[in-house]
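Q: make a model of this:
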Amino acid sequence: MQNILSTGDILVFITYFIVVAVYGYWIYRKKKKKETDTKDFFLAEGSLTWWAIGASLIASNISAEQFIGMSGDGFFVGIAVAAYEWIAAIALIIIAVWFIPIYLKNKIYTMPQFLKTRYNETVALIMAVFWLFLYVFVNLTSILYLGALAINGLLGGEYLHVVMIALSVFAIIITLGGMKVIGYTDVIQVGVLIIGGLATTYMALTLVSEKFGLGHNALAGFNALMKDAPDHFHMILAKPDATSSQEYINKYLVLPGILMYAAGQWIVNLNYWGCNQYITQRALGADLQTARNGILFAGLLKIMMPIIVMLPGIAAYVLQKNGHLPNLASKDGAYTAILGFLPSGLKGLSIAALTAAIVASLAGKANSISTIFTLDVYRKYIKKDASEAKLVWTGRITVVAAMLLGILFTWNDLLGIGGEGGFTFIQKYTGFISPGVFAMFLLGMFWKRTTGAAAIAGIITGFTLCVFFNQFAPAVLGHETIFYTAYPNGKGGYEIPFLICMGLAFMFTMIVMIAISFAGPKVNPKAFVLDKSMFKISPTTIVMIVITLLLLSALYIRFW
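A: Down below sits the predicted model:
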């Protein structure tokens, strides 16, 4: 297996880079205003079409944690990890129908602004700081680390820091052009991502087919995967018992069977897609129908994502199991190992797809960090009389500063991202604030009596309970409780699956918030006015929802 790129690979990658750079610059010049204001820079001033919104959502969402981390979990657990993608498609339907109308009706541009409008300044400031830390020190750093690690492996393993800097510079260039440039270049990025990703999956399956003596046939390769690793093709893992191996217990801790559908998966996806500046920002500048169509288009694209980001990991597992692939140092090496087998030219396309995913996510994340800091911190607490031009330049400086911080903390993996697998790292530590945040948004949108005091209590309760259930509950509760029969996690202790921890934290947070709100005033002047007409959906929307649900039903029935 050769990891050094050929001339053909380099040419393919350079072509990709030039196309994105030239198109981005053309968009910037074409849509540039004489004086760029904050709505134009951060929200693209409503100029994104539905297909640009949908493509941008996917390009920003699918990054190194999916290509590397989810492929790694596919290697380790199997198709069950596809739940993150397929439940996301349903979550996007919920966001499109019920969440987005509320945001647009109330002219919400940032998530802290939502909290200020619905609750108070204190809640908005607390969460603005929370989100800035989360986006910089968990999301931005993990995307950068995993992406640089993967590409570095394909270059021979000697250029990690050079790759890290190159990815950061590429992302900064795109981000400085504002949301218009990000949104429209994401259309190219997602095209490269899907074409390159499908090509990698196709070659991985044909490689399996060839190694099993079945010829050059991708379908035969897929059937060989199902036959050789049937345990990797179950969406629901059975609960471990006393006879279960430590390896199976570790799998269950990552994806705890049917229980993860009780709350954890829904909290992860609804919070990510509906209460996340990084994602909702793409749709906040559009009209309702355009925003809805874009979000539903993203939902349809999500259904195919496991083919791109998960199947190569299962292929790597089968190849290693049968001696056709050396033992991997970690599960996160599965995708890179598959790329190493690709022929000249195609390897360059696959690296371009991986780079597109990384750069698009870095740009989107940096823009969201910049938006929250500039509009919700700088303008409100540092320079209240700042001009529009000053705010835009502050946003650009914030982009560069955030990326520099990302590089600093990624340089020697200071956060330990590589320790437990990149995808699990992101889901677990983002999940520390997800239950409280989602409860606060959900009740704030749909229950008029929810108070600011309840929101603050929800933030504190959600975070505290997540820490408790993840770190201390196994020792306090013992290993046989009504919550979950915990098993050794290989480190000498006991562990509750983090998706179950999130569900428990969410349940108790809701109870606390409802109790505090009932103790408050019956009439809340800050409550949103909900008009039933806001939630009416067009025939086009209905058709897209039905297609999505039918496809998902067929997949779950097939792999249950």
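Q: any idea how far the closest residue to residue 10 other than its chain neighbours is from residue 332?
A: Nearest non-adjacent residue to residue 10, counting by CB to CB, 6 or more residues apart in numbering: residue 348, 6.5 Å away. Any C-beta I mention is one placed from the backbone N, CA and C, and that applies to glycine too. According to CB to CB, to the nearest Å, residue 348 and residue 332 sit 22 Å apart.
Q: neighbour count for these two, which is higher?
A: residue 332 (31 against 24; other CB atoms under 10 Å).
Q: helices along the stretch 1-150 of the chain, start to end?
A: Secondary structure of the stretch 1-150 of the chain (DSSP state H, counting those that start in this stretch): helices at 7-31, 38-43, 50-61, 64, 71-76, 83-94, 100-105, 111-118, 121-134, 141-154.
Q: C-terminal to the host helix or strand of residue 195, what's the next element?
A: In this assignment (DSSP states H and E), residue 195 forms part of helix 179-211. Per DSSP H and E, the first helix or strand lying C-terminal to helix 179-211 is helix 218-228.
Q: now residue 119: phi and psi?
A: phi -120, psi -90 (degrees, to the nearest 10).
Q: wait, it touches residue 525, no?
A: No. Counting by CB atoms under 8 Å, residue 119 does not reach residue 525; the two are 11.8 Å apart.
Q: what about those two, which has more around it?
A: Neighbour count, other CB under 10 Å: between residue 119 and residue 525, residue 119 has more, with 23 against 6.
Q: next one, pLDDT for that one please.
A: With respect to pLDDT, residue 119 has a value of 94.
Q: ok, back up a step: which residues touch the residue nearest to residue 10?
A: By CB atoms under 8 Å, 6 or more residues apart in numbering, the residues touching residue 348 are 5-6, 8-13.
Q: max pairwise distance over the residues you listed: which two?
A: 6 and 13 (10.8 Å; CB to CB).
Q: which of the two has more neighbours?
A: residue 13 (18 against 14).
Q: find the nearest non-adjacent residue to that one, please.
A: Counting by CB to CB, 6+ apart, the residue nearest residue 13 is residue 348, at 4.8 Å.
Q: so the one you found sits in a helix?
A: Yes. Under DSSP: H, G, I helix; E, B strand; the rest coil, residue 348 falls within a helix.
Q: how close does it get to residue 82?
A: 28 Å.
Q: cool, and residue 528?
A: 35 Å.
Q: give me the more crowded residue out of these two.
A: residue 82 (24 against 19).
Q: the more buried one reaches residue 306, doesn't it?
A: Yes. Residue 82 is within contact range of residue 306, at 3.9 Å (criterion: CB under 8 Å).
Q: not counting stretch 518-531 itself, show me its contacts.
A: Here stretch 518-531 makes contact (CB under 8 Å, 6+ apart) with 102, 105-106, 117-120, 444-446, 448-454.
Q: tell me how many other residues surround residue 557.
A: For residue 557, using other CB under 10 Å, the count is 9.
Q: then residue 7?
A: There are 10 residues near residue 7, going by other CB under 10 Å.
Q: same question for residue 532.
A: So residue 532, with other CB under 10 Å, has 6 neighbours.
Q: distance of it relative to residue 101?
A: From residue 532 to residue 101 the distance is 10 Å (CB to CB).
Q: name the element residue 395 belongs to?
A: helix 388-410.
Q: tell me where the stretch 301-450 of the chain has helices.
A: Listed in chain order, the helices of the stretch 301-450 of the chain (DSSP H, counting those that start in this stretch) span 311-321, 334-339, 346-371, 388-410, 422-430, 434-446.
Q: residue 135: which of these is closest?
A: Closest among these, using CB to CB: helix 346-371, at 5.0 Å.
Q: what angle sits between that closest one and helix 388-410?
A: Relative orientation of helix 346-371 versus helix 388-410 (axes from the mean of the first three to the mean of the last three CA atoms, to 10 degrees): 120 degrees.
Q: just the angle between helix 346-371 and helix 111-118, please?
A: 30 degrees.
Q: and residue 495, what are its phi and psi?
A: Main-chain torsions, residue 495, degrees, to the nearest 10: phi -140, psi 140.
Q: look up the pLDDT of the residue nearest to residue 255 when sequence neighbours are not counted for me, please.
A: If the residues on either side of it in the chain are set aside, residue 255 comes closest to residue 80, at 4.6 Å by CB to CB, 6+ apart. Looking at residue 80, its pLDDT reads 94.
Q: next one: residue 80 from residue 228, what distance?
A: In terms of CB to CB, residue 80 sits 17 Å off from residue 228.
Q: out of the helices of the stretch 301-450 of the chain, nearest to residue 468?
A: helix 434-446 (11.7 Å).
Q: same for the helix or strand following the closest one, what does it pack against?
A: Where DSSP H and E defines the elements, the next helix or strand beyond helix 434-446 is helix 452-467. Secondary-structure packing of helix 452-467 (3 or more CB pairs under 8 Å, 6 or more residues apart in numbering; DSSP states H and E): helix 121-134, helix 434-446, helix 498-518.
Q: mind listing what's buried in the last one?
A: Spelled out, that is helix 498-518. Going by neighbour count (16 or more other CB atoms under 10 Å), the buried part of helix 498-518 is 498-506, 508-510, 512-514, 516-517.
Q: check the first one too.
A: Under the neighbour-count criterion of 16+ other CB under 10 Å, helix 121-134 has 123-128, 130-132, 134 buried.
Q: from those residues, which is closest to residue 71?
A: residue 134 (23.7 Å).
Q: what's the closest one in contact with, if anything?
A: Each residue near residue 134 by CB under 8 Å, 6+ apart is listed here: 430, 433.
Q: rerun at 6 Å
A: Under the criterion of CB atoms under 6 Å, 6 or more residues apart in numbering, residue 134 has no neighbours.
Q: repeat that for residue 350.
A: Counting by CB under 6 Å, 6+ apart, residue 350 has contacts 196, 200, 339, 342.
Q: picking that back up, now the angle from the helix holding residue 395 to helix 141-154?
A: 60 degrees.
Q: show me what helix 388-410 is packed against.
A: Applying 3 or more CB pairs under 6 Å, 6 or more residues apart in numbering; DSSP states H and E, we find helix 388-410 packed against helix 38-43, helix 141-154, helix 160-175, helix 346-371.
Q: any idea of the angle it forms with helix 160-175?
A: Going by the same axes, to 10 degrees, helix 388-410 makes 160 degrees with helix 160-175.
Q: need the residues that contact helix 388-410.
A: With contact meaning CB under 6 Å, 6+ apart, helix 388-410 is reached by 36-38, 41, 136, 140-141, 144-145, 164, 168, 172, 175-176, 366, 369-370, 373-374, 378, 415.
Q: of those residues, grab the buried ones for PyMOL.
A: To isolate the buried members of these in PyMOL, using 16+ other CB under 10 Å:
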select buried, resi 36+38+41+136+140+141+144+145+164+168+172+175+176+366+369+370+373+374+378+415
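Q: what about the protein, any weak spots by pLDDT?
A: 1-4, 31-37, 43-47, 64, 412-425, 475-493 (pLDDT under 70).
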